[in-house]
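J.: Dropping a prediction and its sequence here:
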Amino acid sequence: MRIIYIYVVGIILLLSCTTKKNQNTITINLDEGKELGYSSIIENIEYVILESDGNRFPINVEKIVKKHNKYYISTQDHTVFIYNLDGSFSSVIDAPGDGPGSIRSLDDFNITDDQIIIKDGYLKKILFFDLNGNYLNEKKDLFPTSYIYYSSNYRLYYPHNDPTDGQNSIYRISKEGKVEGFLQNAHELGTRVYLTNSFNEIASTQEIFLGLPITSEIAYFDKNGYPTKTFKINFGKNEMPMHSRLKFENRIDEFMYIDENNLIDAFSKLFPLSKNTFMMVVTSGMNSPNIIICSRLGEVLFNSSNFYNDYEGLENNTIPWTYTGDELISWNTINVLHDSYLNKKPGILEVENSTLGKFLEDHSEAVDGEDIVLITSKIKKEYL
């Protein structure tokens, strides 16, 4: 097995990087962000409380996927919770250990037409479950910790800019085992590892979308897993220069420098809204996050530096987490939503289709607890 691993890594190290002839630059000035309410881009908001499985509920949410009339939610403790659309509990994948069907490190998961696919970089394997969370089988996967996009014909890997994985940021492995690398990584950063959103599929075109946080790049891949276009996001005076990062021996000092100088470390969240647009959430220093929507042509369509909830008269205390199906999804705990509702922002009037008050009334017995609430929103068509 060690010989095979050395062979695979050897192939990766020999790969050449793709050119960036299709790369465009989008310049974003955070100072141009305006104080804008949800209603400027969102049509309505709905709230769903997640039922406990009898013992626990999701804590430290990492990824949310809505598909097949279910919510699939992974957490930092390497668990996948499965819920029905009404928030009722369906099942859970929770199998710590080293044996068949066990998970030590849930790097990423995909939902296909008929399976849940989990990447475990620690045990170097890919596990397959049915859509109800029942274990089916697994196979060895010698690629280390990484996000993954799994197709029947190929797999894409993003190993978080880990320089031990070669000179590229993205790797494609065909079902025949051919390894190809794309997009030069920030190898000069040593052993720093930067996480961001995992791969997203754009359903209407079957394209794949990924943000590369440290280089502030966005990459599109065709349905066969080959890159077609990249964007470089230039944040101007708020950009953290690469040469400045290299001065720091640890991330603590680097974070302090970033906060003191109102710089951006990396994308907080980044995902496509449609084949035409994408949304990003970025924070400079200790400021409120900017919510930004850009077109695929490189236009900045929306830039809010204070994105408040004018549907409910609230300060914004959640950030968009993902866009799945036709909804923007975020989450918070019910006690935080309740406290925010009791301390509304002065001067913001509720609009007719407010639903939070009724939701809290319907779940009054839970408002002092920490049950997870999924917040789903419809984006206005002009931003899709």
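T.: Done, it's in.
J.: any idea how far Ile59 is from Phe89?
T.: The spacing between Phe89 and Ile59, counted by CB to CB, to the nearest Å, is 15 Å. The way it works is simple: take the backbone N, C-alpha and C, and place the C-beta from them, glycine included.
J.: okay, those two: which has more neighbours?
T.: Phe89 (15 against 12; other CB atoms under 10 Å).
J.: got a list of what the more buried one touches?
T.: Contact partners of Phe89, counting by CB atoms under 8 Å, 6 or more residues apart in numbering, are 50-54, 81-83.
J.: Now render those as CSV, adding secondary structure.
T.: Shown next, in CSV, are these (DSSP: H, G, I helix; E, B strand; the rest coil):
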residue, secondary structure
Leu50, coil
Glu51, coil
Ser52, coil
Asp53, coil
Gly54, coil
Phe81, strand
Ile82, strand
Tyr83, strand
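J.: just the buried members of these?
T.: 50-51, 53, 81-83 (16 or more other CB atoms under 10 Å).
J.: Least confident of those?
T.: Minimum pLDDT for these is recorded at Asp53 (76).
J.: What about the nearest residue to it once chain neighbours are set aside? Give its phi and psi, please.
T.: Closest residue in space to Asp53, ignoring its immediate chain neighbours: Phe89 at 4.9 Å, by CB to CB, 6 or more residues apart in numbering. Per-residue torsions, Phe89: phi -70, psi 140 (degrees, to the nearest 10).
J.: Give me the pLDDT for Phe89.
T.: With respect to pLDDT, Phe89 has a value of 95.
J.: what are the bridge partners for it, then?
T.: Per DSSP bridges, the residues bridged to Phe89 are Tyr83.
J.: and it, how far is that from Leu106?
T.: Applying CB to CB to Phe89 and Leu106 gives a distance of 19 Å.
J.: Could you do Gly211 as well?
T.: To Leu106, Gly211 is 20 Å away according to CB to CB.
J.: Give me the three-state assignment for the residue lying closest to Lys269 once chain neighbours are set aside.
T.: Once flanking residues are discounted, Lys269 sits nearest to Val281: 4.1 Å by CB to CB, 6+ apart. Per three-state DSSP, the local secondary structure of Val281 is strand.
J.: what's the answer for Ser39, then?
T.: helix.
J.: residues near it, how many?
T.: 15.
J.: and the gap between it and Asn317?
T.: Distance of Ser39 to Asn317, computed by CB to CB: 17 Å.
J.: can you check Gly211 too?
T.: Separation of Gly211 from Asn317 (CB to CB): 24 Å.
J.: Looking at those two, which is more packed in?
T.: Counted by other CB under 10 Å, Gly211 and Asn317 do not tie: Gly211 has more neighbours, with 25 against 13.
J.: What residues are bridge-paired with the more buried one?
T.: For Gly211, the beta-bridge partners under DSSP bridges are Ile218.
J.: And it, how far from Phe271?
T.: 8 Å.
J.: list the residues that contact both of the two?
T.: When contacts are counted by CB under 8 Å, 6+ apart, the set common to Gly211 and Phe271 consists of Asn197.
J.: Ile45 reaches Tyr311, doesn't it?
T.: Yes. Taking contacts as CB atoms under 8 Å, Ile45 lies within contact range of Tyr311: 5.5 Å.
J.: give me the beta-bridge partners of Leu36?
T.: With DSSP bridges as the criterion, Leu36 is bridged to Phe307.
J.: pLDDT score for Asn84?
T.: In this model, Asn84 is scored at 97, pLDDT.
J.: so what's it closest to, chain neighbours aside?
T.: Of all residues not flanking Asn84 in the chain, Ser90 sits nearest, at 5.5 Å (CB to CB, 6+ apart).
J.: list the contacts for the one you found?
T.: So Ser90 contacts 70, 82-84, 132-133 (CB under 8 Å, 6+ apart).
J.: and if you look at Gly54?
T.: Contact partners of Gly54, counting by CB under 8 Å, 6+ apart, are Phe89.
J.: For it, give its distance to Ser91.
T.: Separation of Gly54 from Ser91 (CB to CB): 12 Å.
J.: Likewise for Ala203?
T.: 25 Å.
J.: again with Asn185
T.: Distance from Asn185 to Ser91, counting by CB to CB: 37 Å.
J.: who's more crowded, the two?
T.: Each of Asn185 and Ser91 has its neighbours counted (other CB under 10 Å); Asn185 has more, 23 against 17.
J.: neighbours around the closest residue to the more buried one other than its chain neighbours, how many?
T.: Excluding the flanking residues, the one nearest Asn185 by CB to CB, 6+ apart is Ser169, at 4.2 Å. Number of residues near Ser169 (other CB under 10 Å) recorded here: 26.
J.: just for this structure, where's the confidence low?
T.: Under the criterion pLDDT under 70, the flagged ranges of the chain are 1-23, 161-166, 186-196, 325, 345-354.
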